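Participant: Predicted model follows, preceded by the sequence.
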Amino acid sequence: MPKGGAKKGGHKGRMRTYTSPEEIDAQMKEEKERKETETESGGAGAQPDGVEEQLPGSGSEDSDDDEGSQKKRGGVEGMIEIENPNRIVQKSKKVTQIEMDEPKTLSRREREELEKQKAKERYMKMHLAGKTDQAKADLARLAIVRKQREDAAKKKEEEKKRAAAGKAAK
């Protein structure tokens with residue numbers, strides 16, 4: 001059994017309407033004229049396809065000149081211009097503006113990271129200059145090691161001299 005009872009066809013049995021060849025020719029001529037006027041005027045009054053279909057003889061050229069490149073609005077919308085205050089318009093920024101804004105827009109983590117790097121650089125400069133406690137301790141250790149090496153080198157020289165003197169005495 002078909003759905004919907006004994007009725008067959010439903011909405012598909014409507015009568016079809018055909019356009020006459022004269023109407024098709026008139027529509028094609030109008031579209032060609034409209035395209036020619038758009039190309040002549042540089043496309044200033046051009047509307048995107050499918051925005052609004054106009055009937056022949058409705059004066060499409062006159063209304064395009066009045067409205068300019070704005071889309072036609074009907075009813076109350078055409079009378080009142082509404083701007084959404086919540087809409088955020090994205091503005092393109094130049095590279096120079098972005099670089100100038102960068103220090104202001106650092107997050108807490110980024111700020112802390114920069115401070116940490118600067119502190120480390122300051123410490124390294126002071127360390128190399130020998131002003132930190134660790135640098136002083138390192139320099140003292142180096143002095144001790146140099147002294148020990150000098151003493152060891154003197155002992156070796158003395159032993160060599162003794163050995164050379166001992167060989168010469170034989």
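Facilitator: Done, it's in.
Participant: Could you check how far Arg122 is from Leu114?
Facilitator: Arg122 sits 13 Å away from Leu114, taking CB to CB, to the nearest Å as the criterion. For glycine as for every other residue, the C-beta is placed from the backbone atoms N, C-alpha and C.
Participant: His127 now?
Facilitator: For His127, the distance to Leu114 equals 20 Å [CB to CB].
Participant: more crowded one of these two?
Facilitator: His127 (15 against 12; other CB atoms under 10 Å).
Participant: Quick one: residues contacting the more buried one.
Facilitator: Contacts for His127 were tallied using CB atoms under 8 Å, 6 or more residues apart in numbering; they are Gln134, Ala135.
Participant: For Glu159, grab the count of nearby residues.
Facilitator: Glu159: 10 neighbours (other CB under 10 Å).
Participant: Please apply the same query to Ala137.
Facilitator: Using other CB under 10 Å, Ala137 is surrounded by 10 other residues.
Participant: How about the one 4 residues further on?
Facilitator: Per other CB under 10 Å, the neighbour tally for Arg141 reads 10.
Participant: Mind listing what's buried along the helix or strand containing it?
Facilitator: Element membership for Arg141 (DSSP states H and E) is helix 133-169. In terms of neighbour count (16 or more other CB atoms under 10 Å), helix 133-169 has no buried residues at all.
Participant: Nice, that's everything, thank you.
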